[in-house]
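*Asks:* the sequence and its predicted three-dimensional model are supplied below.
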Amino acid sequence: MTTAWISIKESRKAESIGQTVQVRGWVRTRRDSKGGFSFIEVNDGSCFGNLQVIADGSLANYASEITSLSVGSSVIITGEIKASAGQGQATEMFASEVRITGVASATDYPLQKKQHSFEKLREWAHLRPRTNTFGAVARVRNRLSFSTHEFFQNDGFFYVHTPIITDSDCEGAGQMFRVTTLPLDKLPMTDGKVDMSQDFFGKSSYLTVSGQLEGETYATALGKIYTFGPTFRAENSNTSRHLSEFWMIEPEMAFFELTDNMTLAERYLKHMIQEVLTHCPEDMDFFEKRIQPGVTAALQLVLDKPFTRMSYTEAVDILIKSGEKFEYPVAWGVDLQAEHERFITEKHIQGPVILYNYPKEIKSFYMRLNDDGKTVAAMDVLVPGVGEIIGGSQREERLDVLTERMVASGLKAEYYWWYLDLRRFGTVPHAGFGLGLERMVQYTTGMANIRDVIPFPRSPGNCDF
RNA sequence: UCCCUUGUAGCUCAGUCGGCAGAGCAACGGACUGUUAAUCCGUGUGUCGGUGGUUCGAGCCCACCCGGGGGAGCCA
């Protein structure tokens, strides 16, 4: 009879006591203890914690292999799970066999049995998921992704796959990555200009900066849809909150107005937080203790309180009356700076805030013009520590207004003919928003730098791995 | 892209006035004989980010370039 292979997660549960099982994973530490035997801590990624394995000196390969078993080596270990005699864990395994699958040379393996800086670990992005922090981040990120699908699917939304390669520049402003198969060393030239008709698609094409416009086409057919995929921005931004490649979730709903949009955003955020707190307690415990004390309490508070909703005009008013010294002066009509948003969400409200009804001049052409003629039905969800986590709006469904706004923004209406068709044929009020997955991971884990919440970060000047 | 800051051993960092490159940890060798980040003794380790310049002599001074961090803008 073969021994059952169970995960470290299973092996750490009290129910496993008494069973003889097999675990497979990687050595985190080895402590040779004073009794002619060793403690081996094994982790297989299934959970935050390790399984402590006791390898006795009587094992055949004890002297030859186990006493020199190095951090990072892969092992298959068989033994009996017992209640732990020591502190710090419920169970431990008494090994009857320790098989070494692959050695990680102690002199060459970069990860040491100590803390490394996140900056250094970025250089070893292929190995950093083997650390406590990055394992925990990966599991939380997974849960946020899963709960996204869970939330929308349970709410009658359809998952729509919008294209990665596109010819449309969603907001008329975003800097895009060009996609081309033209030979860069000898570009086909016509009249002194590159002849894009000879490119793969017969015209210029780019990586998407947003699936929103395409998403609207399906929302105005299927009712409620969401997209969840990678997006690309060729902006030269070097901050702890920006990536060149990041994942975005964009729901789009027919017959939704701005307040429906806000309600959905709030329910969605709360669902994700609830799921992470429920399913990742060990990982969250780690973030609480080692990354950002207070995160769990802050998240719990988000669940308990309704989000504050505040118009742009009210926000400007509060900022002006605050008496706070800002580097950038506040006045109605100017875009809110990071310091302003931080004041509102971190000091004034101390929790998530939904700001809405922004001046039309500082927002995109597709956002619905309000009756005042000055503002558009836009909304941003701001969150302490991270800032803008969601940006959304009710979309302009009136053909004439939309066309006018487009022209005013310097866009060619004929280029967006298919987008305008949605207003020509059975137009409806509709709304949607975009949530940056990485910012959500930052918010839930307390991780300071966005480069540490995505497996292989892409940023200006950095595309390793 | 702008401002500030930083790059020295596998890792964290020191390096004075321009004059032979140095600590801790890790690793390695040994001792200790139920440990939970790092018990004791001993032994190594270098393209000083890159290129050019000044100088008898540059880790140190100058110029340019490339990374990292913090802040700003852009946004999610």
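*Replies:* Happy to help now that I have it. The model shown is predicted, which means the values in this text are computed figures rather than measured ones. Numbering: from 1, shown residues only, chains lettered A, B, ... in the order given.

*Asks:* low-confidence stretches in the stretch 1-150 of chain A?
*Replies:* By pLDDT under 70, the low-scoring segments of the stretch 1-150 of chain A are A:1.

*Asks:* please enumerate the strands of it.
*Replies:* A:20-33, A:37-43, A:51-56, A:74-83, A:91-102 (DSSP state E, counting those that start in this stretch).

*Asks:* out of these, deepest packed?
*Replies:* Highest mean neighbour count of the strands of the stretch 1-150 of chain A: strand A:51-56, a mean of 23 (counted as mean count of other CB atoms under 10 Å). Heads up, the C-betas are built off the backbone N, CA and C, glycines and all.

*Asks:* show me the contact partners of it.
*Replies:* A:8, A:11-12, A:23, A:25, A:36-43, A:62, A:66, A:77, A:79, A:84, A:86, A:89, A:91-95, A:98 (CB atoms under 8 Å, 6 or more residues apart in numbering).

*Asks:* out of these, who's near RNA strand B?
*Replies:* The subset of those within reach of RNA strand B, by CB under 7 Å from any atom of the strand, is A:36, A:37, A:39, A:84, A:86, A:89, A:92.

*Asks:* tell me the residues of the stretch 101-250 of chain A that contact RNA strand B?
*Replies:* So far as CB under 7 Å from any atom of the strand goes, the stretch 101-250 of chain A lies against RNA strand B at A:106-107, A:110, A:112-117, A:119-120, A:122, A:171, A:173, A:210, A:233, A:235-244, A:246, A:248.

*Asks:* do the same with the stretch 301-450 of chain A
*Replies:* Checking the stretch 301-450 of chain A against RNA strand B by CB under 7 Å from any atom of the strand, the hits are A:328, A:335, A:337-339, A:342, A:387-391, A:434-436, A:438-439, A:448-450.

*Asks:* so which of those are in helices?
*Replies:* With DSSP state H as the criterion, helices contain A:338, A:339, A:342, A:438, A:439 from among those.

*Asks:* list just the nearest of these to residue A:265.
*Replies:* Residue A:265 lies nearest to residue A:439 out of those, by CB to CB, at 13.4 Å.

*Asks:* burial check on the closest one, number of neighbours?
*Replies:* Other residues near residue A:439 number 23, with proximity taken as other CB atoms under 10 Å.

*Asks:* please report how far residue A:315 lies from residue A:274.
*Replies:* For residue A:315, the distance to residue A:274 (CB to CB, to the nearest Å) stands at 28 Å.

*Asks:* neighbour count: the two, which is higher?
*Replies:* residue A:315 (24 against 16).

*Asks:* give me the residues contacting the host helix or strand of that one.
*Replies:* Assigned by DSSP states H and E, residue A:315 falls within helix A:312-321. By CB under 8 Å, 6+ apart, the list of residues contacting helix A:312-321 from outside reads A:310, A:326, A:330-332, A:336, A:340, A:343-344, A:348, A:355-359, A:375.

*Asks:* out of the ones in helices among the residues of the stretch 301-450 of chain A next to RNA strand B, which are buried?
*Replies:* In these, burial by neighbour count holds for A:342, A:438, A:439, counting by 16 or more other CB atoms under 10 Å.

*Asks:* and stretch A:151-161, what's buried?
*Replies:* So stretch A:151-161, judged by 16+ other CB under 10 Å, has buried residues A:151, A:152, A:157, A:160.

*Asks:* quick one: end-to-end length of that stretch, please.
*Replies:* With CA to CA, to the nearest Å applied, stretch A:151-161 spans 17 Å between its terminal residues.
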